[in-house]
Every structure is written in structure tokens, then in C-alpha cells.
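pasting the sequence and the predicted model now:
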Amino acid sequence: MITVNLPNPMGEEHWGLWIALYFFLAGTTGGAYLLSVLFYGKDQGLVRRSALWAFLGVAVGAGLLVIDLGQPLRFLNLLLNGFHPASVMWLGSWFLVLAGAGLLWVYLKPTSRGVQQGVAVLVALVVGYTAVLLMQTAKPFWNASPLLPWLFLASAATAGGALLQLWYPHEKLSRLVIASALVEGAVLALHLIWTYPAATPGVLALLVGPLAWAFWGFVVVGWGLPLFLERRNVALAALLTLVGAFLLRYFVVMAGQV
């Protein structure tokens, strides 16, 4: 049996750093691919490059997910043991496989806009299903509000745009990143307000408890400062946004286990 989990500051751990990294890699690189297809489809070089990033993000992230299972061969059971469309884990496993194959195809072969958009749908499902997976558990911080998938999608757009900015700084892209960051901040605030009555320990852990460093690090360093720097130093703003994207996924994963 393989067990490679890092300790949760709250004590008993179910999901930890590997899961947060998986969410970050899949969300960030997937967001970059989605933005490139939706807004820069005529630039096939950018679409193919972002498809490669997303494939690597999905592949490495899936590897981390398999490691976190403790018994990696269980991943094969999800794929091979029958048809289970009611299982979010089963659906997510197939989303990962199909999205990964589609992204690799887009990178390796000239493909039509229709194929690229179809793969984008699969990538969006990968990005969103991670939040749905959390919501299926009996954890109030994850399931007391319906906003978690929208938070992950908004964060993926922000982080994906930041990743693109490192190679393709552009005024239109800056506007997209600013808009998605504002949506991300609003959805996060609403999620905390919505979940507070049912998930008081988790919310307080973020605001004033052992996860405050990650939450306020995101708010100040990974969200507010990049918004301030977006028109002044695009590369630095993009790097800080990527730090913020990881911190958000980390504290969401951990706060649900308080």
C-alpha cells in the first residue's frame, strides 16, 4: 500500500496537499485552455500550446490523485468495473481520461474549431467536477452552498488567464483576468456567508484560525495585490495570481475537514 499524504494542520486528515495540488494544476492549465479556445481561437499556436499545458496539468494532477488514494490500482477499478454514471468519482475518472486524450490530440494534430470546443467542454467538466466531488461529502463547508463549482470555475479562469499572460501579455487578456478575479472574489465572499451558519468552525479557521495564513495570503497577496499590479507589472501580477490560485484550493480543501 502506498500512503503519501502530508499532515493536515487540523489533525486527522482525509485529503491534503496532493489533492490541493491536483485541483490547482487541473484548474489553472484547464482554465488557460478554455480561455485560449473561447477568446483566441484564431491563434492556433496559442491553442495548441495551452492544450499541451492542460494535458500535462491533467496528467500530473491525476497522478497525484492516484497517489493520494493510498492504493493506486483502485483508480483502474473506477474505469474498468462497470458503468456507474451516478457516481461522481466514476464520472470524474472518465472526464480526466477523455479530456487528457482530447488535449493531446489537439496538441499533436491539426483540429477543427469544433473539436477544440468539444475538448473544452470536457476540460470544463474536469475543472467543475472537482468541486462537485467535494460537495458529495458530508462536510458543511463544501456542501452547504451551491457556489463551490462556480468558485472553482471563476478561479480557473483567473489563474488560466494569468498563466497565458506569462507568455502572451495582451490588453484583452488583462481585462479578462480582472473581470474573472472580481467574480472570483465575490463568489468566495458569498460562499463564506452562505456556509457560515452550518460550517462555523471551517469559516472561523479561515478568518482567525489555523488556516488564516492561507486565506489572508490569498486575499492580500494572491488576489488584491495582483489586481493592483495588473496595469503596472503584468508578469508579477500573473505570478502572484498563480500563488493565490493554489492557496485558494488549499484552504478550501483543508477548511472542509475542520
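Cool, the structure landed.

switch to C-alpha atoms for all contacts and neighbour counts from now on
OK.

quick one: list the elements packing against the helix or strand where residue 67 lies.
Assessed by DSSP states H and E, residue 67 sits inside helix 44-68. Contacts defined by 3 or more Cα pairs under 8 Å, 6 or more residues apart in numbering; DSSP states H and E place helix 44-68 against helix 17-39, helix 88-108.

what average pLDDT does the first one get?
In other words, helix 17-39. Across helix 17-39, pLDDT averages out at 92.

now do the buried residues in it.
17-37 (16 or more other Cα atoms under 10 Å).

and if you look at the last one?
With burial defined by 16+ other Cα under 10 Å, the residues of helix 88-108 counted as buried are 88-100, 102-107.

give me the residues contacting the helix or strand following it.
For helix 88-108, the following helix or strand on the C-terminal side (DSSP H and E) is helix 113-135. By Cα atoms under 8 Å, 6 or more residues apart in numbering, the surrounding residues in contact with helix 113-135 are 23, 26-27, 30-31, 33-34, 37-38, 41, 88-89, 92, 95-96, 98-99, 102-103, 106, 142-143, 148-150, 152-153, 156.

pull out the buried positions in helix 113-135.
116-117, 119-120, 122-135.

relative orientation of that helix and helix 88-108 in degrees?
Interaxial angle of helix 113-135 relative to helix 88-108 (axes from the mean of the first three to the mean of the last three Cα atoms, to 10 degrees): 150 degrees.

quick one: mean pLDDT over helix 113-135.
Mean predicted confidence for helix 113-135 is 89.

helices or strands up against the very next helix or strand once past it?
The C-terminal neighbour of helix 113-135 among helices and strands, as given by DSSP H and E, is helix 140-143. Identification of packing neighbours for helix 140-143 by 3+ Cα pairs under 8 Å, 6+ apart yields helix 113-135.

the helix it packs on vs helix 44-68, what angle?
Relative orientation of helix 113-135 versus helix 44-68 (the same axes, to 10 degrees): 30 degrees.

separation between the residue nearest in space to the middle of the chain and residue 104?
Centroid-nearest residue in the chain, with Cα atoms, centre = their mean: residue 27, separated by 2.8 Å. Using Cα to Cα, to the nearest Å, we find residue 27 at a distance of 17 Å from residue 104.

helices of the stretch 151-258 of the chain, start to end?
171-195, 200-207, 212-217, 225-229, 234-255 (DSSP state H, counting those that start in this stretch).

reformat those helices as a markdown table; add distance to residue 60.
Below are the helices of the stretch 151-258 of the chain laid out as a markdown table (distance: least, Cα to Cα, whole Å):
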| stretch | distance to residue 60 |
| --- | --- |
| helix 171-195 | 25 |
| helix 200-207 | 28 |
| helix 212-217 | 23 |
| helix 225-229 | 27 |
| helix 234-255 | 15 |
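
just those helices: most buried one?
helix 234-255 (a mean of 23; mean count of other Cα atoms under 10 Å).

so where is this structure shaky, pLDDT-wise?
1-14, 68-90 (pLDDT under 70).

mind redoing it with 50?
1-13 (pLDDT under 50).

can you count the residues close to the nearest residue to residue 37 once chain neighbours are set aside?
Excluding its sequence neighbours, the residue lying closest to residue 37 (Cα to Cα, 6 or more residues apart in numbering) is residue 47, at 6.2 Å. Other residues lying near residue 47 total 25 when counted by other Cα atoms under 10 Å.
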